[in-house]
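Engineer: Fold the following, please.
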Amino acid sequence: MTLRTMLGIGWSILVGLAGGWLVLMPWALNVQGNGDWTDLTKGAFWTGLALLAICAIGLIVTIGLIVRAVTPQRPPRQRPAAETNDNQAELDRALLQIASKLAADLSAPANGRTNGAVTRTAPAPANGTVNGQTAAPATTNEPATEGEGVLTHGGAER
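Structural biologist: Below you'll find the model as predicted:
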């Protein structure tokens, strides 16, 4: 037993003994007499009863702590291995896709030039179709000439 449980049990027993004495004191010391309860008897009796209730609560809490410390704790429930492996495989695939896209973004030039060529994208129509067919963005790789503007990230020319 730990110091906490020993103090809890000892404290509860002392409070219980004091409460028991207060409950019995008016009759043990013949303070009560044979008539109605006096003010001293009422005060001592109810105070003793309250101390006995505190003693009972203290003992219950201390015994609960002892039982919790003695009983073996169950390990947390584990998910089935197949479910864990499926989730791990999905996570690995997602992380691989993110890593490859990030590597492609990092390896692409920041200003849109590739060996002296400027990549331009024509704006797509508002409804996404040209003459009833789905439009694909047109790109050209031509060397930049003097006087032509360079497209920036937002599509504005500088």
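
Engineer: how about the helices in this structure?
Structural biologist: For the chain, applying DSSP state H gives helices covering 3-28, 39-70, 81-107.

Engineer: Format the ones you listed as TSV; extra columns: mean neighbour count and mean pLDDT.
Structural biologist: (C-beta placed from N, C-alpha, C; glycine too.) What follows is the helices of the chain, written out as TSV (neighbours: other Cβ atoms under 10 Å; pLDDT from 0 to 100):
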stretch	mean neighbour count	mean pLDDT
helix 3-28	15	91
helix 39-70	14	92
helix 81-107	10	86
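
Engineer: S12: what's its closest spatial neighbour, skipping adjacent residues?
Structural biologist: Nearest non-adjacent residue to S12, counting by Cβ to Cβ, 6 or more residues apart in numbering: G58, 3.6 Å away.

Engineer: can you pull the contacts of that neighbour?
Structural biologist: Counting by Cβ atoms under 8 Å, 6 or more residues apart in numbering, G58 makes contact with G8, W11, S12, V15.

Engineer: As TSV, those with distance to T62 would be great.
Structural biologist: Formatted as TSV, these follow (distance: Cβ to Cβ, whole Å):
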residue	distance to T62
G8	4
W11	9
S12	6
V15	12
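
Engineer: which one among the residues you listed gets closest to N85?
Structural biologist: G8 (47.7 Å; Cβ to Cβ).

Engineer: who are the neighbours in contact with the closest one?
Structural biologist: Contacts for G8 (Cβ under 8 Å, 6+ apart) come out as G58, V61, T62, L65.

Engineer: Quick check: G8 vs D39, distance?
Structural biologist: Per Cβ to Cβ, to the nearest Å, G8 is found 34 Å from D39.
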